[in-house]
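Novice: below are the sequence and a predicted model; questions follow.
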Amino acid sequence: RKEVEQDPGPFNVPEGATVAFNCTYSNSASQSFFWYRQDCRKEPKLLMSVYSSGNEDGRFTAQLNRASQYISLLIRDSKLSDSATYLCVVKNGIGGADGLTFGKGTHLIIQP
Amino acid sequence: DAGVTQSPTHLIKTRGQQVTLRCSPKSGHDTVSWYQQALGQGPQFIFQYYEEEERQRGNFPDRFSGHQFPNYSSELNVNALLLGDSALYLCASSFGPMGTQYFGPGTRLLVL
């Protein structure tokens, strides 16, 4: 079983719609969670951290369910510029050093 | 405020050769992590350097080695290159091993 699993998509969504992604992680000791965004042939960029209480940043809402080991990202009022690959990321924080574990990413295409 | 920089941007090598990739962290950051991203995959953690020492290592063979310098910059060395080493190599820097990681633009390596 992969450590972080995501539906690769692509998700084809009309502009203005709401879209939700989710991912699951296998290591119950994982301590930190993130969503990164990666545009074609570019580096990943931090979109938002994910907290147990859920958190919102403008049109983006992230949720974490530790019991189910499930992370979600909701994008409201989607824009053409939201087209990208969204990477679910888990950090285990073991031994005082911190490699990030990435999912394969979910490809989102916003259509005009 | 300079972000993470990497050099070179692109590189072509042949099987069996050796390669050195370089990374300068974001201003104020002291920790460098390296990742390999194959086409269509999420980045995979190679190793992390802090205080000039390798602090954590992912599932990569000893052909992959690194170094961190007193100015916090880092090098990734890959010996005896294989075709499967063709990938985007990403460097991420953070303030401390547990800090939020910010990625550089990457080096695209093609092994022929």
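Specialist: Sure thing, it's come through.

Novice: okay, and for chain B, where does confidence drop off?
Specialist: Chain B contains residues with pLDDT under 70 at B:1.

Novice: let me redo that: chain A
Specialist: Regions of chain A meeting the criterion pLDDT under 70 cover residues A:1, A:93-98.

Novice: that one: strands as residue ranges?
Specialist: For chain A, strands defined by DSSP state E occupy the ranges A:4-6, A:11-14, A:19-25, A:32-38, A:44-50, A:55-57, A:60-65, A:70-75, A:84-91, A:100-102, A:106-111.

Novice: got those strands as TSV, with distance to residue B:60 and mean neighbour count columns?
Specialist: All C-beta atoms are positioned from the backbone trio N, CA, C, and that covers glycine. Putting the strands of chain A into TSV (distance: least, Cβ to Cβ, whole Å; neighbours: other Cβ atoms under 10 Å in any protein chain shown) gives the following:
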stretch	distance to residue B:60	mean neighbour count
strand A:4-6	18	20
strand A:11-14	32	15
strand A:19-25	21	19
strand A:32-38	21	21
strand A:44-50	19	19
strand A:55-57	33	12
strand A:60-65	29	18
strand A:70-75	26	19
strand A:84-91	18	24
strand A:100-102	14	24
strand A:106-111	25	18
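
Novice: want to try JSON lines for those, with distance to residue B:52 as columns?
Specialist: Conversion of the strands of chain A to JSON lines gives the following (distance: least, Cβ to Cβ, whole Å):
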{"stretch": "strand A:4-6", "distance to residue B:52": "30"}
{"stretch": "strand A:11-14", "distance to residue B:52": "43"}
{"stretch": "strand A:19-25", "distance to residue B:52": "32"}
{"stretch": "strand A:32-38", "distance to residue B:52": "25"}
{"stretch": "strand A:44-50", "distance to residue B:52": "26"}
{"stretch": "strand A:55-57", "distance to residue B:52": "36"}
{"stretch": "strand A:60-65", "distance to residue B:52": "35"}
{"stretch": "strand A:70-75", "distance to residue B:52": "34"}
{"stretch": "strand A:84-91", "distance to residue B:52": "22"}
{"stretch": "strand A:100-102", "distance to residue B:52": "21"}
{"stretch": "strand A:106-111", "distance to residue B:52": "37"}
